[in-house]
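Student: For reference, the sequence and a predicted model appear below.
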Amino acid sequence: MAYRKEYKKRFARIKAGRITNEEFLAWGERARAKKQACDEGTISLDEFREWLENS
């Protein structure tokens, strides 16, 4: 749920012209990797949420 919320916020930034599509796609790749690490238990949910907020 935290991932979806951040994803939507970042996608809206494309529409507003604040970030480029390439920046969004690069962030998306990193976010999916972090989400997978969280799902596997490599990092905690709190660490993942913190990364989302600060990325």
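Tutor: On my side now, so go ahead.

Student: now stretch 47-55: how far from the chain's centre is it?
Tutor: Mean C-alpha position of stretch 47-55 versus that of the full chain (CA atoms, centre = their mean, to the nearest Å) differs by 8 Å.

Student: Contacts for it, please.
Tutor: 2-3, 6, 27, 30-31, 34-35, 37-38, 43 (CB atoms under 8 Å, 6 or more residues apart in numbering). Any C-beta I mention is one placed from the backbone N, CA and C, and that applies to glycine too.

Student: any idea where the helices of this structure begin and end?
Tutor: 2-16, 21-40, 45-54 (DSSP state H).

Student: related to what we said a few turns ago, please check the contacts of stretch 47-55 and keep the buried ones.
Tutor: Among these, those buried by neighbour count (16 or more other CB atoms under 10 Å) are 6, 27, 31, 34-35, 38, 43.

Student: Of these, just say which sits nearest to residue 14.
Tutor: The nearest member of those to residue 14, counting by CB to CB, is residue 27 at 10.6 Å.

Student: got a list of what the residue nearest to that closest one when sequence neighbours are not counted touches?
Tutor: Spatial nearest neighbour of residue 27, chain neighbours left out: residue 10 (6.1 Å); criterion: CB to CB, 6 or more residues apart in numbering. For residue 10, the contact set (CB under 8 Å, 6+ apart) comprises 19, 24, 27-28.

Student: do you know how far residue 10 is from residue 16?
Tutor: 11 Å (CB to CB, to the nearest Å).

Student: How about the contacts made by residue 35?
Tutor: Residue 35 touches 3, 48, counting by CB under 8 Å, 6+ apart.

Student: mind redoing it with 10 Å?
Tutor: Contact analysis of residue 35 by CB atoms under 10 Å, 6 or more residues apart in numbering lists 2-3, 7, 43, 48, 51-52.

Student: Switch the residues you listed over to JSON lines; also include pLDDT.
Tutor: Shown next, in JSON lines, are the contacts of residue 35 (pLDDT from 0 to 100):
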{"residue": "2", "pLDDT": "87"}
{"residue": "3", "pLDDT": "90"}
{"residue": "7", "pLDDT": "91"}
{"residue": "43", "pLDDT": "94"}
{"residue": "48", "pLDDT": "93"}
{"residue": "51", "pLDDT": "93"}
{"residue": "52", "pLDDT": "92"}
